[in-house]
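Novice: sequence below, structure please.
(2 chains)
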Amino acid sequence: MPAMKEYTTLLTKIFDNMPERPHWDWEIKTETSWFGVSIKELYSYKDLLLRLTRKEFLGSYQQTLLGPFWVLLQPLLTTLIYVLVFNTVIGISTGDTPPMLFNLIGITLWNLFSEVFLNTSKTFILNVEVFSKIYFPRMIVALSGLWLQIILFGVQLLFLFSIYLFFLFKGQTNFNISHLWMIIPAIITTAGIGFGAGLIFSILTAKYRDLLALIQLLIRLLMFVCPIFYTMSMVPQKVKWLVNLNPLSVQFELFRYAFLGQGNISAVEIIYSSVFMIALIFFGILLFNKMSDKLMDVI
Amino acid sequence: MSEIVIQAENISKKFQLGTIGTDSLRRELQQWWERSILKKPDPFLTQLPDQEDHIWALQDINFEIKQGETWGIVGRNGAGKSTFLKILSRIIKPTTGTIRGKGRISSLLEVGTGFHPELTGRENIFISGHMLGMNKREILQKFDEIVDFAGIGVFLDTPVKRYSSGMYVRLAFAVAAHLEPDILIVDEVLAVGDAEFQKKCLGSMKDATSKAGRTVIFVSHNLQAVNNLCSNAIWLEKGMIKTTGDARSVVNSYLGGAQKKSWKQEFSRENAPGNEYIKILSVELIPHLQDSLSAIDIRTAITVKFKFYNTSNNTNLSTDLLLFTLSGECIFDIPSKPTVYNEGVIEGECTIPGNFLNDGSYYFSLYFVKDTSQELLSYDECLFFEVADYRENVNWYDKWWGYVRPQFPLTLVHSTEIESYNA
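Specialist: Model prediction:
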């Protein structure tokens, strides 16, 4: 069969002329892709993630008097001051809900947001030394910080539940189990917005240090446009748009609604807030991946 | 032929100079606008070359490294060695080029990266191990070995901030030494720790290549270690590869080339250094080498020649040749015989025999004295040179002790007394 023979010679010819293409495990190029490292690579560093979480937790309570109790003391003291200032002195009414419980609910969720945001935005500033000497996906540090904040939030949430139960037994609040699941989307969206914004700011603050001061200011101002010590229904119509513009607002209403069964939430607000969170996280991850390698030249 | 595990093509790295502030933000926005929106070429890549707002830390680096080879990287400070290692370690990105590789890569650019001073040795072993790419199982498997290697024993559960600096370094290196990557990148870590520990580290690195078939890339100022550990070497100068090849010849040409230019200094009468008594006309260092490209090592004899102008008649003059180590300890002070000279040019010469100085960096100074007591001129630090080590059949990679290394015969013989002892 001459055709067959021709075919084989052709094949050998092709193979002979083909350049040998060695298989490489990794490649270092000039640019990082927007998506950065693969999920598989991130997963291979899970031990590091958990260890860094542990390190941060243990590290921050070494040689302290009260140690981890600060996690509870902080919201407790803040709540007491809020009750004193906003309810006793200024006289904001919390309806038939005890002011203590009302404020603690808001403060617990606010702490989650502000801690996640602030900690994530310091990812580069606090880890320059490590990042410039050793390679691992930088996202691991941000994720381990997020994980630590979620654990601490869990402790504060338990504390909130015990205060809630206390007032429930005293008969000063009512309990509706069918609403309680709503805390889950509220927690996820709030933490998500904090994390996404934190990623973006971690890049910006690493390059322009003064932005860290801006973040502190931003957090303080943002707190006043979040319904923490007031409810949406108290906001005058004239400035309602400002509070509504804040994607966090509806999450506070939702969180409070889950506990107290009071508040107005519309589907539009929830969708707005969720879309905002997804977009922010998406953009944050892309920016973080793309810029983190470039940053190493200048920090 | 073993396979290629790292292949670098056309690697360059550009660093932006200047500070970062509102200016750099404006520049970045402009760059982004022109590149991404207007689709123009990057305005900062095509700008005029005389605008010196950046430097090239590395330029056109190409190399291939095969499995099981040990590469040393030598070069002066600022030659781009650290940048090179950082690119290989994936810490920074190259401006141009690609590096491809096979196998797991771990880099050790600093000892104790990621250590938390407040936490115990035990915790830090895990933190450091995970950062270097070990998983929990691997660390647990090696845990006892690591503790043993570091020799920290009872301090395992003490915060590392209370460790002595030696213990700290030992622990940090111990973790790294138990990594099992296919490719290991090491930067200057051996500059720390005491002599005994350095020996241990060098030994463990040698094991890594010879027994485990690992590939090692190693930057060090300890040329002796490069000579002994590495099969190949790269000499970087001003961001470019000057020479590459067999470690010994690269190290030798590095040592030779790095110093040669300062070995001969000549001055015209008008701008000769000195004062109203003495003017230095020339100083020269001539090593007695068969091959002008090789470096001075401990076997090499060195001749120092100098010429000066004596300005006054009838001076009882003598000259001292002093040798110092780079850290300033004086090794010797050789005076000439005081003699009465008239005005004119005077030449001097002194030869230091081979097998006298130990390896290290040294410099000569000249000292001119009148009437054996009055200082006329002290011409300091005029000739710098480096003496490389040379050893035959010695399994000892550390710095040889002492400033001098003469070969006075030391003999051992069987004594007859021992036998009578046993009897």
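Novice: and residue B:100, helix, strand or coil?
Specialist: strand (DSSP: H, G, I helix; E, B strand; the rest coil).
Novice: go ahead and confirm residue B:65 touches residue B:6.
Specialist: Yes. Shown here, residue B:65 and residue B:6 form a contact pair, counting by CB atoms under 8 Å, at 4.3 Å. To be clear about C-beta, it is placed using only N, CA and C from the backbone, and glycine gets the same treatment.
Novice: and for these two, which residues touch both?
Specialist: Residues touching both residue B:65 and residue B:6 by CB atoms under 8 Å, 6 or more residues apart in numbering or on different chains: B:215, B:217.
Novice: neighbour count: the two, which is higher?
Specialist: Between residue B:65 and residue B:6, residue B:6 has the larger neighbour count (other CB atoms under 10 Å in any protein chain shown), namely 25 against 21.
Novice: residue contacts, that one?
Specialist: Taking CB under 8 Å, 6+ apart as the criterion, residue B:6 is in contact with B:63, B:64, B:65, B:88, B:99, B:100, B:101, B:102, B:183, B:215, B:217.
Novice: go on, residue B:370?
Specialist: Contact analysis of residue B:370 by CB under 8 Å, 6+ apart lists B:277, B:315, B:316, B:317, B:376.
Novice: do the same with residue A:87
Specialist: Contacts for residue A:87 were tallied using CB under 8 Å, 6+ apart; they are A:93, A:94, A:99, A:103.
Novice: do you have the helices of the chain handy? List them.
Specialist: Picking chain A for this. Counting by DSSP state H, chain A has these helices, from start to end: A:2-17, A:39-44, A:46-60, A:70-82, A:99-121, A:123-131, A:139-169, A:177-180, A:183-207, A:211-224, A:240-245, A:249-260, A:267-295.
Novice: I was thinking of chain B, sorry if that wasn't clear
Specialist: Under the criterion DSSP H, chain B contains helices at B:22-32, B:81-88, B:121-131, B:136-150, B:165-177, B:195-210, B:223-229, B:247-259, B:417-422.
Novice: could you tell me the least trusted of those?
Specialist: Lowest mean pLDDT within those: helix B:417-422, a mean of 61.
Novice: before we move on, back to that, right, and the helices of chain B - which one's nearest chain A?
Specialist: helix B:121-131 (3.8 Å; CB to the nearest CB).
Novice: got the CA positions of that closest one in PDB?
Specialist: Included here for helix B:121-131 are C-alpha records, laid out as PDB according to Å, rounded to 0.1, in the frame of the first residue of the first chain:
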ATOM      1  CA  GLY B 121       9.500  28.100  69.000                       C
ATOM      2  CA  ARG B 122       7.000  25.400  68.400                       C
ATOM      3  CA  GLU B 123       4.400  27.700  66.900                       C
ATOM      4  CA  ASN B 124       7.100  29.400  64.800                       C
ATOM      5  CA  ILE B 125       8.300  26.100  63.300                       C
ATOM      6  CA  PHE B 126       4.800  25.600  61.900                       C
ATOM      7  CA  ILE B 127       4.400  29.200  60.700                       C
ATOM      8  CA  SER B 128       7.800  29.300  59.000                       C
ATOM      9  CA  GLY B 129       7.400  25.800  57.600                       C
ATOM     10  CA  HIS B 130       4.000  26.500  56.100                       C
ATOM     11  CA  MET B 131       5.300  29.700  54.500                       C
END
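Novice: list the buried residues of it.
Specialist: Across helix B:121-131, burial judged by 16 or more other CB atoms under 10 Å in any protein chain shown covers B:121, B:123, B:124, B:125, B:126, B:127, B:128, B:129, B:130, B:131.
Novice: neighbours around the closest residue to residue A:294 other than its chain neighbours, how many?
Specialist: Once flanking residues are discounted, residue A:294 sits nearest to residue B:93: 7.3 Å by CB to CB, 6 or more residues apart in numbering or on different chains. Using other CB under 10 Å, residue B:93 has 18 neighbouring residues.
Novice: great, nothing more from me.
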